[in-house]
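1. Got a sequence here, can you model it:
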Amino acid sequence: MGAPSDRPREARRPPAALRRAGRALALPRGELLPVLAAGMLFGVAFPPHALVGPAFLCVAPVAAIIARRADAGRGAGGSLRATGWFALVGHALTLWWIAPALALVTAAAPLLAAVVVLGMALVVAATFGWGLHALRRATGGWPLAVLVPAAWVAGEWVLAHLGDLRFPWLPLALALTPVPTLAQVADLSGVHGASALVALVNGAAADAWLALRGDPTPRRPRAARSLALAAAAVAATWTYGRWRESTLPLVALGDVVAVQPDIAQTAKLVDGSETRAIGRLLALTREDGRERRSAGASAPLFAAWPETALDGPLLAHPDWRDSLRAAARAQGAPVLAGVIDVEPRDADHLTLYNAVLLTDRTGEVRAAPYRKRYLVPVVERVPFVDPAWLPDVPWLGGFGRGGVPEPFVVDPARPDVRVGVIVCYESVFGEAARVLRERGATLLVNATNDAWFGRTDAPWQHAAHLVLRAIETRAGVVRVGNSGPSAFVDPLGREHGRTPLFTARVVRYPVVTSTLPAPYVRLGDWLGALAAAATIAALTVDRVRVARQRGRAPRR
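-> Numbering: from 1, shown residues only. Take a look at the predicted model:
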């Protein structure tokens, strides 16, 4: 046995910088369990979990902690820590699928997934944690039922406006999609109106908890008033939803055929897979056409193929045009298909676009394809980097960004059928669907490839966004996925004909739309912008106040 060390105990302690970092990140014992519980509630609040309740409580513990710190005159550091840990736990439980998805293309997948989760935690801490702390101080202690919706919606707005880093994947409103009646308010103010309802209930619950810990005499009536406010808000939202469901006029447009080929992502990454994939799509489309004719059914409005069904430039594969013609003849209808579009950038380089084309009834492409505008960070477009700078890095995206879209006219004889396309990740952006609806789209189509995600939570989280897009725009939405789920979502957010994952299916959807314009389509995201402005104003006031207090402090 060696001799005991003669080094002093202090020399064996962690470095001072590490100790300071630990103290900066640590939570008091009284806050640790509520914050962890809040993060776990957040983790089960979203699809595929059909639990609406956790969303109405997951933010309340953190909001109460922030309010107590702000009311006590403490700095925002503790509020940032509490919110950061809550968001870190919550997003680790909901975004874990990023690692297996990226593992198909890079060994750095776990690191990238950790960076995304940490980044989300930092953004939520900086927006909601700091924002709510400042709002509480700037307003002199207004109820959290008012302040929590403002701060949370401001954070969601920021996540949707980070340029190439925007990632608004988990708005609180997404938790309402299993019960579309509660989400109907989204037609007034977009996704943020439904998120504000959930945040209001969280704020009221935090107000009630703080009241019960206050002075003995008024605490029960104050808590009861807070809970009554939450119940009234939910009841009013439910009443509005039921009224909308009973009064919204729906108009039948016809049938749309969605072709789900179920091509594994590992197979799509193999050279030569493009032609085999088109062969499967064509075979499924032809078989469905034969069955339709034998049953005496009418031709559909169009047949929809998923994202990157034609996984390469059409100009480089003339035989693919023959496949499109054969598919159109089989259905007696146009074909809408995902494709890689190209455009010369200079004499030696091309810009690639993730796009969707539309043929006419003969299978000829006569209109310019729709080019995807909202690109997945890193894998479709490296943030804030010109694609020309990274021509040879295989998994760093260099896709170009499309311009302002126009809806497709499927058939000149049917001017009432104008199709707006949103490709894959674009479904999480209300603005993408809103602009198409504003420009005259009567039907939306989401062409996607969720085979990347495997059997994780991601396909269900992704698909749930279309419930919100349908309600916001009051348009029907057809989702056609490579590996599923495919479905039709009517203008009331009700899902029809959902297909299972990883099965080849051809589904015929009778699609409907609404002629009643939604206020959100006309007004845009007014609530998100208002909440962001209010929170920024509160942060400014709080910073000025802190600066003045420091200026008045006696010098030593």
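2. Dead centre of the chain: give me the residue that sits there.
-> Centrality entry for the chain: nearest residue to the mean C-alpha point is Trp169, 2.9 Å, by C-alpha atoms, centre = their mean.
3. What residues does that one make contact with?
-> With contact taken as C-beta atoms under 8 Å, 6 or more residues apart in numbering, Trp169 is in contact with 95, 428, 461. C-beta: built from backbone N, CA, C; applies to glycine.
4. For it, what is the enclosing helix or strand?
-> Per DSSP states H and E, Trp169 falls between elements, in no helix or strand.
5. Check it and give its pLDDT.
-> With respect to pLDDT, Trp169 scores 97.
6. what does Arg381 give?
-> Looking at Arg381, its pLDDT reads 83.
7. Repeat that for Ser323.
-> The model's pLDDT for Ser323 equals 96.
8. Start the count at 47 instead of 1 going forward.
-> All set: I'll call the first residue 47, so the last point we hit is now Ser369.
9. hang on, it packs against Arg322?
-> No - here Ser369 lies out of contact with Arg322, judged by C-beta atoms under 8 Å, at a distance of 11.8 Å.
10. neighbour count winner among those two?
-> Ranked by neighbour count (other C-beta atoms under 10 Å), Ser369 and Arg322 place Ser369 first, with 21 against 13.
11. what separates the more buried one from Val524, distance-wise?
-> Plainly put, Ser369 is 21 Å away from Val524 if you go by C-beta to C-beta, to the nearest Å.
12. again, but for Ala345
-> On the measure of C-beta to C-beta, Ala345 and Val524 end up 16 Å apart.
13. go on, Phe102?
-> 31 Å.
14. Could you do Asp503 as well?
-> Counting by C-beta to C-beta, the gap from Asp503 to Val524 is 23 Å.
15. Could you check which of the two is surrounded by more residues?
-> Val524 (26 against 18).
16. Past the helix or strand harbouring the more buried one, which element shows up next along the chain?
-> Taking DSSP H and E as the criterion, the element that holds Val524 is strand 522-527. From strand 522-527 onward toward the C-terminus, using DSSP H and E, the following helix or strand is strand 533-535.
17. And the strands in this structure, which stretches?
-> 297-306, 348-350, 381-390, 396-404, 416-417, 454-455, 464-469, 489-494, 522-527, 533-535, 541-542, 551-559 (DSSP state E).
18. okay if I get those strands as TSV plus mean pLDDT?
-> Output for the strands of the chain, formatted as TSV (pLDDT from 0 to 100):
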stretch	mean pLDDT
strand 297-306	98
strand 348-350	98
strand 381-390	94
strand 396-404	93
strand 416-417	97
strand 454-455	96
strand 464-469	98
strand 489-494	98
strand 522-527	98
strand 533-535	98
strand 541-542	98
strand 551-559	97
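19. Out of those strands, the one nearest Pro107 is which?
-> Nearest to Pro107, of all the strands of the chain, is strand 541-542, at 32.2 Å by C-beta to C-beta.
20. what residues does that closest one touch?
-> By C-beta under 8 Å, 6+ apart, strand 541-542 touches 513, 533-536, 555.
21. Measure how far the lengthiest helix in the chain is from the centre of its chain, please.
-> When the chain is parsed with DSSP state H, its longest helix is helix 265-293. Taking C-alpha atoms, centre = their mean, to the nearest Å, one finds the center of helix 265-293 at 26 Å from the center of the full chain.
22. what's the average pLDDT for that helix?
-> 94.
23. same for that helix, what does it pack against?
-> Helices and strands touching helix 265-293, by 3 or more C-beta pairs under 8 Å, 6 or more residues apart in numbering; DSSP states H and E, are helix 190-205, helix 226-229, helix 237-258.
24. Name the nearest residue to Leu490, ignoring sequence neighbours.
-> Leaving aside its chain neighbours, Leu490 sits nearest to Val523 (4.4 Å; criterion: C-beta to C-beta, 6 or more residues apart in numbering).
25. In the sheet, which residues pair with that neighbour? Tell me.
-> For Val523, the beta-bridge assignment (DSSP bridges) gives partners Leu490, Val535.
26. so who does it touch?
-> Listed by C-beta under 8 Å, 6+ apart, the contact set of Val523 reads 479, 489-492, 512, 515-516, 534-535.
27. farthest-separated two in these?
-> Spatially, the most separated pair among those is Ala479 and Phe534, at 15.0 Å (C-beta to C-beta).
28. Settle it for me: which of those two has more neighbours?
-> Set Ala479 next to Phe534 and count neighbours by other C-beta under 10 Å: Ala479 wins out with 28 against 25.
29. Once you drop chain neighbours, what's closest to that one?
-> Using C-beta to C-beta, 6+ apart, the nearest residue to Ala479 is Arg515, at 4.4 Å.
30. In contact with that neighbour, which residues are there?
-> Taking C-beta under 8 Å, 6+ apart, one finds 468, 473, 476, 479, 490, 492, 523, 535 in contact with Arg515.
31. Those: which two are farthest apart?
-> Farthest-apart pair in the contacts of Arg515 is Gly476 and Val535; separation 14.2 Å (C-beta to C-beta).
32. With neighbour numbers in mind, choose between those two.
-> Val535 (31 against 27).
33. Could you work out the end-to-end span of stretch 464-478 for me?
-> This stretch, stretch 464-478, spans 16 Å end to end (C-alpha to C-alpha, to the nearest Å).
34. Help me confirm that Ala250 comes into contact with Val280.
-> No - contact criterion C-beta under 8 Å: Ala250 and Val280 do not qualify, at 9.9 Å.
35. out of the two, which sits in the busier spot?
-> It is Ala250, of Ala250 and Val280, that has more neighbours when counted by other C-beta under 10 Å, with 29 against 17.
36. List the residues that contact that one.
-> By C-beta under 8 Å, 6+ apart, the contact set of Ala250 is 189-191, 272-273, 275-276, 279.
37. Could you do Cys470 as well?
-> 353, 400, 418, 422, 492-496.
38. Show the pLDDT at it.
-> Cys470 is given a pLDDT of 97.
39. Distance of it relative to Leu275?
-> Where Leu275 is concerned, Cys470 sits at a distance of 39 Å (C-beta to C-beta).
40. Ok, Thr502 next?
-> 38 Å.
41. can you give me phi and psi for the closest residue to Arg501 other than its chain neighbours?
-> Nearest residue to Arg501, sequence neighbours excluded (C-beta to C-beta, 6+ apart): Leu547, at 6.4 Å. Backbone torsions of Leu547, given as degrees, to the nearest 10, read phi -70, psi 150.
42. residues contacting Leu547?
-> With C-beta under 8 Å, 6+ apart, Leu547 has these contacts: 501, 505, 529-531.
43. In PyMOL, how would I select the buried members of those residues?
-> Command for PyMOL that selects the buried part of the contacts of Leu547, burial taken from 16 or more other C-beta atoms under 10 Å:
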select buried, resi 505+529+530+531
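44. Tell me the pLDDT of Arg391.
-> At Arg391, the model reports a pLDDT of 76.
45. Asp432 is in contact with that one, correct?
-> No - the pair Arg391 / Asp432 is not scored as a contact, 10.0 Å apart, by C-beta under 8 Å.
46. Those two: who's more crowded?
-> Each of Arg391 and Asp432 has its neighbours counted (other C-beta under 10 Å); Arg391 has more, 13 against 9.
47. Would you mind measuring from the more buried one to Tyr399?
-> From Arg391 over to Tyr399 (counting by C-beta to C-beta), the distance is 11 Å.
48. again with Val169
-> Distance of Val169 to Tyr399, given as C-beta to C-beta: 29 Å.
49. pLDDT weak spots in the chain?
-> 47-60, 62-70, 261-265, 393, 433-442, 598-602 (pLDDT under 70).
50. can you list the domains in it?
-> Following automatic domain parsing, one finds the domains of the chain at 72-293+572-598, 297-569.
51. among these, which is nearest Pro61?
-> domain 72-293+572-598 (16.4 Å).
52. Return the residues in contact with the spatially closest residue to His508 that is not a sequence neighbour.
-> Nearest non-adjacent residue to His508, counting by C-beta to C-beta, 6+ apart: Asp496, 6.0 Å away. Taking C-beta under 8 Å, 6+ apart as the criterion, Asp496 is in contact with 470, 504-505, 508-509, 527-531.
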